[in-house]
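A.B. asks: Any chance you could fold what I've pasted below:
(chains A and B, ligands or ions: 2)
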Amino acid sequence: MTGTPPRAATAPGRTPTNLTQGGQTKAGIGESTLRPDGTLKVTGEFAYSSDMWHEDMLWGFTLRSTVAHAEIRSIDTAEALATPGVYSVLTYDDLPTDVKNYGLEIQDTPVLAHGKVRHHGEPVALVAADHPETARRAAAKIKIDYAELPVVTDEASATAEGAPLIHENRTDHHIGHVPHPNIVHRQPIIRGDADEAAKKADVIVSGEYVFGMQDQAFLGPESGLAVPGEDGGVDLYVATQWLHSDLRQIAPVLGLPEEKVRMTLSGVGGAFGGREDLSMQIHACLLALRTGKPVKIVYNRFESFFGHVHRHPAKLWYEHGATKDGKLTHLKCRIVLDGGAYASASPAVVGNASSLAVGPYAVEDVDIEAIALYSNNPPCGAMRGFGAVQACFAYEAQMDKVAKKLGMDPVEFRQLNAMEQGTLMPTGQPVDSPAPVAELLRRVKAMPLPPEQQWLTAGAGADVRALPGGLSNTTHGEGVVRGVGYAVGIKNVGFSEGFDDYSTARVRMEVVGGEPVATVHTAMAEVGQGGVTVHAQIARTELGVQQVTIQPADTQVGSAGSTSASRQTYVTGGAVKNTCEHVREQVLELGRRKFGTYHPAWATAELLLEGGKVVTDGGEVLATLADVLEDAAVDLELEWRHRPTEPFDLRTGQGNGHVQYSFAAHRAVVEVDTELGLVKVIELACAQDVGKALNPLSVVGQIQGGTTQGLGVAVMEEIIVDPKTAKVRNPSFTDYLIPTILDTPTIPVDVLELADEHAPYGLRGIGEAPTLSSTPAVLAAIRNATGLELNKTPVRPEHLTGT
Amino acid sequence: MRVTFTVNGRRQEADDVWEGESLLYVLRERMGLPGSKNACEQGECGSCTVRLDGVPVCSCLVAAGQVEGRDVVTVEGLADFAKQRAEGGCASGVCGTGLDEAQQWQARPAGSRTGEQAELAPIQQAFIDAGAVQCGFCTPGLLVAADELLERNDSPSDADIREALSGNLCRCTGYEKILDAVRLAAARGENRTAGQGA
Ligand code: FES
Ligand code: FES
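C.D. replies: Ligands and ions are numbered 1, 2, ... in the order given. Predicted structure coming up:
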């Protein structure tokens, strides 16, 4: 048996640090500034959560349920505890307080299973040991006696007469209005009279669609380090999307006041919604507090598939009507989302799916219903574009079907019905900023098409690398057909339905070594999206400095809200801008007091901070910032809010529920080997309106990344759950496939910048919209190539060959 | 057991290594070189790619005992490795990156990391310039693989790049900017040999 790895280090050995950047020539907003964390990330120095290290640390491991639904008769930990090298084994009985559940909105998720398990992979016990393998082997010695229960896996089994209730004693605020206790939340949206409007339709088209369960599959596994403090508190270094939301859920379980749980964001290897819920946070803290030693937990990929919620799989029924001249008359639809065993973000996903069910189209008469189920499937919650993604898949398939029935061009049909500024959402809310839906479609359509049969090389026959099936040499071009498809989508930006969606920023300005320097401190989770880059750009622009330091995100500063819903640049970027403006005012006030008597412009002109100086709007220099500030520092922490929203009415769905919308359109070009059912996506062009591109390089990177995740769900990504046992069949990168560089085509991006006058700099959240439309565009292209109906994601070879 | 091997040009020893420990674990947890990443630990993602006697391998699939007496290059030594290659190898025998240098989170105090001072391999600089780094978790493995590609083939076609990097998953970027980065590094490399300046 070995001890802790022998290595000298301070305590803890690796933690996140400041990112300081100056001296770039392209540095302000609107410019493609390079990432301040770029150098650390390419040299391997950047401290991700799984890199956290303490010389005295133990390794934690989570024992998870092997069955989906069962009563726990007994748990025997004696043998595990007796294993040499093991410091602690914890079960539900060891939880320190009466708070034994957590959750984003509904506190229904047990820290460790008590009484029963509700899904495959649910955490049941924890082990801390001196080596990760010791912890794993000890956990395997824990004996659990399960009495299996029947599983609920879909709407029929969830709402059947006498169905087992997933949560027997619900007390949450949705229980009063849901039709069955196995339904988490239900949101109807009724506007106009869909039945009456249907009478005006010349064609009526209906369809049933199935959206598979997608996984965020971020590369950096769930991980972190909990270090017990001398004051009885704990320091937690962790990768998450929202530090303060974690804190609010962690502290009560530990029985500690929030100020004794000090959280620091450590490097995040992608998130995409999968880190909105807690994973190992409480577990590591419990083990650290129990053993008095630092505890690190790092999930392997297998465990990661159980450690976070997935994208809600969905069944969607749609009916559209249209007149001969191509105007949509009405929409009726029903969307059933499977939320799995715990609520997570299901209520918000229902809100999005229902309110965005029409898509970016003007339809006055709608009858919409969306529900989320409780089931024994894996819990589902937030993932990039949540709710809107599933709806977009269905309404875009419908648009093609209606256009076909009318004999119209699918893009022209969409343009004819496209919403624009001023259109009412089905919720009755007017779209009060640019909504360039027709224009985005026009732009993707106008891009030149990639040449046909690019795999034909001059004289030498086919280059199999460019064909469906690639190097596996399955075809030389015979039986390969091409198709082109289009789609467009709408996503809300920010948290909706009356949520107090604020953010906080602290900005300090001082002179260091003769240079004015700004320091920005927020609790924003940088998950790879580039928020740190943009914050530095904003500070440079507003404060006229070159050198900006970004402090690590932690709970020593107020909440920044979540890095999700495309909101962070809008809200925390807005908070940084707002705080900078106040700092600037105070700097100018200092200047006025010091130098105001020397030049009348101090009192009369519009003053700016530029190039380290105070200048008038006419360009006259009044003083250097170094002279104004001298030894003083201006230091402010302020909260900032976007305009308020309101909840949707529970019966009619009416209400001004959303802050802002973002729009993207895709054109997909695919080639399909119709003999083997293999698909090669040749190109996936995107046009998106971003309001204002604060950093064009990052904007394009986000759009390409989002597009690729949509491509993944179209042709390969799906968590497969056994319908009989509710067990996950493919929790590995061997069996859950995400696109490689060979699966991903070129992604030309056309960025449109139509400012939203309500948003900071006119910006529009961008992260999610490209994930919506790329999936239906690829499906449309495959349908176009094959003539098949294809109503399910992902499209698999057997769907194409009819085998 | 004790394992002795060369890491980034310098001889290192790891003691008390378990039979089943991977090279990745030894690098990350015993040597303090966490640059090689642990995204899947099942040989599917390439985040842990290092060079073993020059060949790119998934270090999560290599048992630590297998590297006895062999030569490993990680992302922490990539800049040095590229520099020596450009200069035609290590004549003096004191080249390479020591553990202390590589463990920079210990060697340098917090706050001094401007993120702009380090000397980088051309492929590292190209990844930054092309915007190929988002969360960056895939980056170390991609850099090691791409650097090896460019060593073999200084003007790869897009199909060559895709083939060489097909074992490295990235969830954030959509790969387009990674392609840009490799093209950029190749172009800069060609410029240098053609004497046109970088
Ligand atoms: S961590 Fe080694 S291949 Fe994924
Ligand atoms: S996985 Fe995040 S940048 Fe590649």
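
A.B. asks: residues from chain B in reach of ligand 2?
C.D. replies: Proximity of chain B to ligand 2, by CB under 6 Å from any ligand atom, involves residues B:134-138, B:170-173. From N, CA and C alone the C-beta is placed, and that goes for glycine too.

A.B. asks: out of those residues, who's near chain A?
C.D. replies: B:134-138, B:170-173 (CB under 8 Å from any CB of the partner chain).

A.B. asks: ok, and the most crowded of those?
C.D. replies: Taking other CB atoms under 10 Å in any protein chain shown as the neighbour criterion, residue B:170 ranks highest of these with 33 neighbours.

A.B. asks: Now do the same contact list for the residue lying closest to that residue once chain neighbours are set aside.
C.D. replies: In space, and not counting its chain neighbours, residue B:170 is closest to residue B:138: 4.1 Å by CB to CB, 6 or more residues apart in numbering or on different chains. Shown in contact with residue B:138 (CB atoms under 8 Å, 6 or more residues apart in numbering or on different chains): A:219, B:37, B:39, B:45-47, B:168-172.

A.B. asks: Quick one: the ones next to chain A among the residues of chain B next to ligand 2 as JSON lines, columns for pLDDT too.
C.D. replies: Compiled in JSON lines, those are given as follows (pLDDT from 0 to 100):
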{"residue": "B:134", "pLDDT": "98"}
{"residue": "B:135", "pLDDT": "98"}
{"residue": "B:136", "pLDDT": "98"}
{"residue": "B:137", "pLDDT": "98"}
{"residue": "B:138", "pLDDT": "98"}
{"residue": "B:170", "pLDDT": "98"}
{"residue": "B:171", "pLDDT": "98"}
{"residue": "B:172", "pLDDT": "98"}
{"residue": "B:173", "pLDDT": "97"}
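
A.B. asks: List the residues that contact residue A:742.
C.D. replies: Residue A:742 makes contacts with A:470, B:162-163, B:166, as judged by CB under 8 Å, 6+ apart.

A.B. asks: State the number of residues packed around the closest residue to chain A within chain B.
C.D. replies: At 2.1 Å from chain A, residue B:35 is the closest residue in chain B, using CB to the nearest CB. By the criterion of other CB under 10 Å, residue B:35 has 27 neighbours.

A.B. asks: How much space separates the closest residue to it other than its chain neighbours from residue B:36?
C.D. replies: Nearest residue to residue B:35 in three dimensions, chain neighbours excluded: residue A:44, at 2.1 Å (CB to CB, 6+ apart). To residue B:36, residue A:44 is 7 Å away according to CB to CB, to the nearest Å.

A.B. asks: Could you do residue A:50 as well?
C.D. replies: Distance from residue A:50 to residue B:36, by CB to CB: 11 Å.

A.B. asks: Likewise for residue A:421?
C.D. replies: 50 Å.

A.B. asks: if we can go back for a sec, these two touch, right, the residue of chain B closest to chain A and residue B:73?
C.D. replies: No - here residue B:35 does not reach residue B:73: they are 10.9 Å apart, not a contact under CB atoms under 8 Å.
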